[in-house]
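Trainee: next one to model:
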Amino acid sequence: GDLVSLHMDKGKALYERNIRYFLGGRSDVNKAIRSTLRDDPRSFFYLNNGITAVCDGIEPKGNNPGNGFRKFKVRGLSIINGAQTVASAAEFVTQNPGSNIDDAKVMLTLIKAPADGQFGRRVTKARNHQNPVQMANFASLDEGQERLRQEISYLGYTYQYRPEANIAPGTHPITLDEAIRALAVQQNDAR
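Mentor: Okay, the predicted model is just below:
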């Protein structure tokens, strides 16, 4: 809720040092963010990668109240990773004014990295650089794929349903891609 309020107050300025702004609500990731906020906000913390922000300066504000929380004065705040999360949440709240997302928590990493330095650019690049995930990678979560791997091993074959798996020499491998094509050929409409 606090990040949504910040988004509403600052708009695009909140993402000034990010590599991109909000992509819109039609992406699968942004749909999933809104779905979690609607259906299971308490799990949001566990289902989200979190937010990374950089700032020019950060100082403790006031005395430590003793309840485990501290306040900080932050200057030059910019979200560099997590724009989709914050903007999707803001879009959700705008479209569902009666909703309550107070139970939705998210990890925030705040890094002091002044805008005029190279370190901030390095952090932004590193926090936004990842290997792309293909739909085929999600086969590793399918229990049926592991069952097939175990069953086909009795026939002397190795079923590799993880696309990046290294195939050992001397084995009779079947890859996920080959299995998909074989199943498609058996269908009336191979598309």
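
Trainee: in this protein, which spans are helices?
Mentor: Applying DSSP state H to the chain gives helices spanning 2-10, 28-39, 44-47, 83-95, 118-127, 143-153, 176-185.

Trainee: looking at these, which is buried most?
Mentor: For those, the largest average neighbour count (mean count of other CB atoms under 10 Å) is found in helix 83-95, namely a mean of 20. C-betas here are computed from N, CA, C, even on glycine.

Trainee: can I get the helices of the chain in CSV with mean pLDDT and distance to residue 162?
Mentor: Output for these, formatted as CSV (pLDDT from 0 to 100; distance: least, CB to CB, whole Å):
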stretch, mean pLDDT, distance to residue 162
helix 2-10, 95, 35
helix 28-39, 92, 21
helix 44-47, 96, 22
helix 83-95, 94, 27
helix 118-127, 91, 26
helix 143-153, 89, 9
helix 176-185, 86, 8
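
Trainee: report pLDDT for the residue of the chain most remote from its centre.
Mentor: Most distant residue from the mean C-alpha position of the chain: residue 155, 39.2 Å away (CA atoms, centre = their mean). We note a pLDDT of 89 for residue 155 in this prediction.

Trainee: pull up the gap between it and residue 174, please.
Mentor: The gap separating residue 155 from residue 174 is 10 Å, by CB to CB, to the nearest Å.

Trainee: check residue 142 too.
Mentor: Separation of residue 142 from residue 174 (CB to CB) stands at 16 Å.

Trainee: tell me which of the two has more neighbours.
Mentor: Set residue 142 next to residue 174 and count neighbours by other CB atoms under 10 Å: residue 174 wins out with 19 against 11.

Trainee: my guess is that one contacts residue 157, does it?
Mentor: Yes - using CB atoms under 8 Å, residue 174 is in contact with residue 157, at 5.5 Å.

Trainee: for the residue positioned nearest the centre of the chain, give me its contacts.
Mentor: Closest to where the C-alpha atoms of the chain average out (CA atoms, centre = their mean) is residue 49, at 4.6 Å. By CB atoms under 8 Å, 6 or more residues apart in numbering, the contact set of residue 49 is 82, 85.

Trainee: torsion angles phi and psi at it?
Mentor: phi -70, psi -10 (degrees, to the nearest 10).

Trainee: let me know the pLDDT of it.
Mentor: At residue 49, pLDDT is 91.

Trainee: how near is it to residue 96?
Mentor: Taking CB to CB, one finds residue 49 at 23 Å from residue 96.

Trainee: with just CA atoms, put stretch 139-156 into CSV.
Mentor: What follows is stretch 139-156, C-alpha atoms only, in CSV (Å, rounded to 0.1, in the frame of the first residue of the first chain):
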residue,chain,number,x,y,z
ALA,A,139,8.0,-28.5,-17.4
SER,A,140,10.4,-29.1,-14.5
LEU,A,141,7.6,-28.3,-12.1
ASP,A,142,5.2,-30.9,-13.7
GLU,A,143,5.2,-34.1,-11.6
GLY,A,144,4.0,-36.0,-14.7
GLN,A,145,7.3,-35.2,-16.4
GLU,A,146,9.3,-36.8,-13.6
ARG,A,147,6.9,-39.8,-13.6
LEU,A,148,7.5,-40.2,-17.4
ARG,A,149,11.3,-39.9,-16.9
GLN,A,150,11.2,-42.7,-14.3
GLU,A,151,9.0,-45.0,-16.4
ILE,A,152,10.9,-44.6,-19.6
SER,A,153,14.2,-45.3,-17.8
TYR,A,154,13.0,-49.0,-17.5
LEU,A,155,13.1,-49.2,-21.2
GLY,A,156,16.7,-48.0,-21.3
